[in-house]
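> how would this look folded up:
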Amino acid sequence: MDRHEYYYRMKPLVMPGLVYLILYPLLVGGASYFLNLPQFYLTLLSGIYLFSALIILFIWLTAKTRRIVVDDGVIIFSSMFGKTIVEPQDIRKASFAWTKNNEEIVLLKTGKRKYYLSDLYFPFNELLTDLEEIIAAYNIRSNLNSHYGLN
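Okay, here's the model as predicted:
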């Protein structure tokens, strides 16, 4: 099995954050100009803006560094918080499911943790193919056949 690396897609996170970071000061500035808000409220709203901007930056950095590497049956989850190596014998069950919006998600259960994989990882179809190969090669318990209607 070849080494494949999958990245976390940033567009679903970046666009709402950028819209908020641009519109909030405009709306608060307009409100303070037309409503003549006291300095206390402007300071409070500025503090809320700075705090939320820091949270958005933290989420962006976390997502930017998030990766999944599949290499010879080993799945490596990495981010700015470190790496986690999941070997096939560590996986207790792989569950495939569909959401209400017809998006596919995968839940990998290990002894201690659960890992959710969705289409936010790019390219997701190749990631699913690699997971299916690992499930078949190492005989991992899953609902793969019933999920795709192969039963």
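
> Tell me where the chain has strands.
Taking DSSP state E as the test, the strands found in the chain are 4-8, 67-71, 74-79, 82-86, 91-98, 104-110, 114-117, 121-122.

> for the fourth one, packing partners?
Strand 82-86 sits against strand 74-79, with contacts defined as 3 or more Cβ pairs under 8 Å, 6 or more residues apart in numbering; DSSP states H and E. Bear in mind the C-beta positions are built from the backbone N, C-alpha and C, glycine included.

> how about the strand it packs on: buried residues?
Across strand 74-79, burial judged by 16 or more other Cβ atoms under 10 Å covers 75, 76, 77, 79.

> likewise stretch 26-35?
residue 28.

> Only alpha carbons, please: show that stretch as CSV.
Provided in CSV are the C-alpha atoms of stretch 26-35 (Å, rounded to 0.1, in the frame of the first residue of the first chain):
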residue,chain,number,x,y,z
LEU,A,26,-18.5,47.6,10.1
LEU,A,27,-21.8,46.9,11.9
VAL,A,28,-20.5,47.9,15.3
GLY,A,29,-18.9,51.1,13.8
GLY,A,30,-22.2,51.9,12.1
ALA,A,31,-24.2,51.2,15.2
SER,A,32,-21.9,53.4,17.4
TYR,A,33,-22.1,56.2,14.9
PHE,A,34,-25.8,56.3,14.4
LEU,A,35,-26.8,55.3,18.0
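
> quick one: it to chain centroid distance?
Centroid displacement of stretch 26-35 relative to its chain, using Cα atoms, centre = their mean, to the nearest Å, is 35 Å.

> give the contact list for the most centrally placed residue in the chain.
Nearest to the mean C-alpha position of the chain, by Cα atoms, centre = their mean, lies residue 120 at 5.7 Å. By Cβ atoms under 8 Å, 6 or more residues apart in numbering, the contact set of residue 120 is 8, 9, 12.
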